[in-house]
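>>> Got a sequence here, can you model it:
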Amino acid sequence: MDAIRETFNANMIRIKANLEQACDKVLQKNVKAASDVDYPAYGVTGPTKERFSSTTDRKLAHSAQMYHYQHQKQQMIAMEKAQGDLNKDGSEVDSEEENEEGDYTVFECPGLAPTGEMEVKNPLFNEDTPVTPGGDNQQSK
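Next comes the predicted model:
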């Protein structure tokens, strides 16, 4: 029984030594890898060498633009679908007869604006000038 115990203890000592060597190798490998890295493992400490090429930056910018485009497109489709559902119910249906009073262009701007009626006059457009097809457009002064 003592021989078995001694063999067992000897094997355990060898296993422990091998395990310590393996752990030391892994530790040394990790220390070396950490010292070779251009950036710290935590926090920002200052400028470092640029790691990404301009092609990577371009690809990232293109990817961001495509994501933004797809997101906006999905929002527009959802709004059109909601507007279509609203029109199918019979409410808020615009017809040409309702819009005959004036041909207006509507501009939409983000932000707060007065809720009253607002019309913008084009200073380069003169309503008093008659338009004759194929003729002279001269104004009398």
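>>> quick one, helices of this protein?
In the chain, the helices defined using DSSP state H lie at 2-36, 54-88.
>>> Those helices into CSV, with extra columns for mean neighbour count?
Bear in mind the C-beta positions are built from the backbone N, C-alpha and C, glycine included. Below are the helices of the chain laid out as CSV (neighbours: other Cβ atoms under 10 Å):
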stretch, mean neighbour count
helix 2-36, 9
helix 54-88, 10
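>>> any chance of these in CSV, with mean pLDDT too?
What follows is those, written out as CSV (pLDDT from 0 to 100):
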stretch, mean pLDDT
helix 2-36, 83
helix 54-88, 86
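>>> Compare those helices and report which one is nearest to residue 122.
helix 54-88 (28.6 Å; Cβ to Cβ).
>>> In JSON lines: the helices of the chain, plus distance to residue 119.
Formatted as JSON lines, these follow (distance: least, Cβ to Cβ, whole Å):
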{"stretch": "helix 2-36", "distance to residue 119": "68"}
{"stretch": "helix 54-88", "distance to residue 119": "25"}
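>>> Of all those helices, which one is nearest residue 112?
helix 54-88 (20.9 Å).
>>> other SSEs contacting the closest one?
Packing partners of helix 54-88 (3 or more Cβ pairs under 8 Å, 6 or more residues apart in numbering; DSSP states H and E): none among the helices and strands.
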